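> Sequence first, predicted coordinates after that:
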Amino acid sequence: MDIDILIVLQAFREGVGGCLTEFLSKMTWLGEMNVVLIIAGLIYWCVNKRIGTYLLMGWSGNRIVNGVLKVSACAYRPWIRDARIIPEPVALEAATGYSFPSGHSMNAASLYGGLAIRRDLRPGLRALMWIALCLVVFSRSFLGVHTPQDVLVGAIVGVFVMFLTGKLLDWLETNADKDVLIAVIGVVVAIAIAIYAAVKPYPTDYDANGNLLVDGLKMANDTFKAVGWMGAFMLGWVLERRFVQFSTEIDMQERFLRLAGGLLGYYILFLVINPLLKAALPGFLGTTTTSFLQMFYVVFLFPLVMKRAS
């Protein structure tokens, strides 16, 4: 039935022209990993450290959950399951890994869903966040890269992880000395999932010409990214709490300087340093290392620079 729904959406997409497709392509971009990480990072640096910590922790947790579910279910993408599905080319570039559950939906649930369930935010902003989440989720099926099952489970699980993250951070308010324990548990879980993804068997189905349909280890690439992000968040979070303790109680000029400096450093890391490291380090080692550096920069390295510069 999920494929039938995609066929109906595909017929509608082809029938209404490109206007709705272009709009939803922009909406799906709001659920990409780097977009969500950068927005959460900017909130953490410049707007509200507490909310930013919540978003970054929840997103790291969601990436780990998404990664382990994907390599466990090993669900093929819709166009591999049924040749009638022709996804929009604009959405294919970010359609990496196995299909279930949707990574974009869990990314969107981390940021927009995570903000939408916070009762300390204004109702109008929370409503806007729910709308953004729904648009990202719908866009993935509309563009033909995920089934409704993929996106609905991704969104529901993602919001639930954010709920648990909020409860965990509330508990840490009165148990601040337990942060190292939480970090150690997070790192151990990440390492265990990396080992699981590396050694587990993957489906080896072939097409009519004898070609392997899907390379399982290649599909696990996003899982290894998640391992790097989770490990870096946990380590950087504890180090920042213990040794940096920066504040977002700053004037507008300082906020602008943080925004500009943080983004500049991030893009130097992402566009220059990480590609060099990926070329030097083989396979999932390069993937995990570069993802680790991305998150460690956001959570600890740039806050350390901010603190020293203030």
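Thanks, I have the structure now.
> what helices or strands is the longest helix belonging to the chain leaning on?
With residue count as the measure and DSSP state H as the assignment, the chain has helix 148-174 as its longest helix. Helices and strands touching helix 148-174, by 3 or more CB pairs under 8 Å, 6 or more residues apart in numbering; DSSP states H and E, are helix 2-15, helix 49-73, helix 103-108, helix 114-116, helix 123-142, helix 179-199. To be clear about C-beta, it is placed using only N, CA and C from the backbone, and glycine gets the same treatment.
> now for the third one, which elements pack on it?
Using 3+ CB pairs under 8 Å, 6+ apart as the contact criterion, the secondary-structure elements in contact with helix 103-108 are helix 33-42, helix 49-73, helix 123-142, helix 148-174.
> contact partners of that helix?
28, 30-33, 35-36, 59, 62-63, 65-66, 70, 94, 96-97, 132-133, 136-137, 139-140, 146, 150-152, 154-155, 157-158, 161, 222 (CB atoms under 8 Å, 6 or more residues apart in numbering).
> List only those of the residues you listed flagged as buried.
Neighbour-count burial (16 or more other CB atoms under 10 Å) applied to the contacts of helix 103-108 gives 28, 30-33, 36, 59, 62-63, 65-66, 70, 94, 97, 132-133, 136-137, 139-140, 146, 150-152, 154-155, 157-158, 161, 222.
> got a list of contacts for stretch 211-220?
Under CB under 8 Å, 6+ apart, the answer for stretch 211-220 is 67, 70-71, 74, 76, 80, 96-98, 197-198, 201-207, 283-284.
> thinking again about what came up before, burial-wise, tell me which of the helices and strands packed on helix 148-174 comes out on top.
Using mean count of other CB atoms under 10 Å, the stretch among those with the largest mean neighbour count is helix 103-108, at a mean of 31.
> which regions of the stretch 101-250 of the chain lie under the pLDDT threshold?
Of all residues in the stretch 101-250 of the chain, none has pLDDT under 70.
> Mind checking the helices and strands packed on helix 148-174 for the one nearest to Ser291?
When the helices and strands packed on helix 148-174 are compared by CB to CB, helix 49-73 sits nearest Ser291, at 9.0 Å.
> could you give the angle of that closest one to helix 179-199?
Calculated by axes from the mean of the first three to the mean of the last three CA atoms, to 10 degrees, helix 49-73 forms an angle of 30 degrees with helix 179-199.
> so what does helix 49-73 touch, helix or strand wise?
helix 33-42, helix 103-108, helix 114-116, helix 148-174, helix 179-199, helix 216-219, helix 221-239.
> got a list of contacts for the third one?
Yep, that's helix 114-116 we're talking about. 51, 54-55, 58-59, 121, 125-127, 129-130, 133, 159, 162, 165.
> For that helix, what is the distance to the chain centroid?
From the chain centre to the centre of helix 114-116 is a distance of 15 Å (CA atoms, centre = their mean, to the nearest Å).
> that older thread, relative to Phe292, which of the helices and strands packed on helix 148-174 is closest?
Across these, Phe292 has its closest neighbour in helix 179-199 (9.8 Å, CB to CB).
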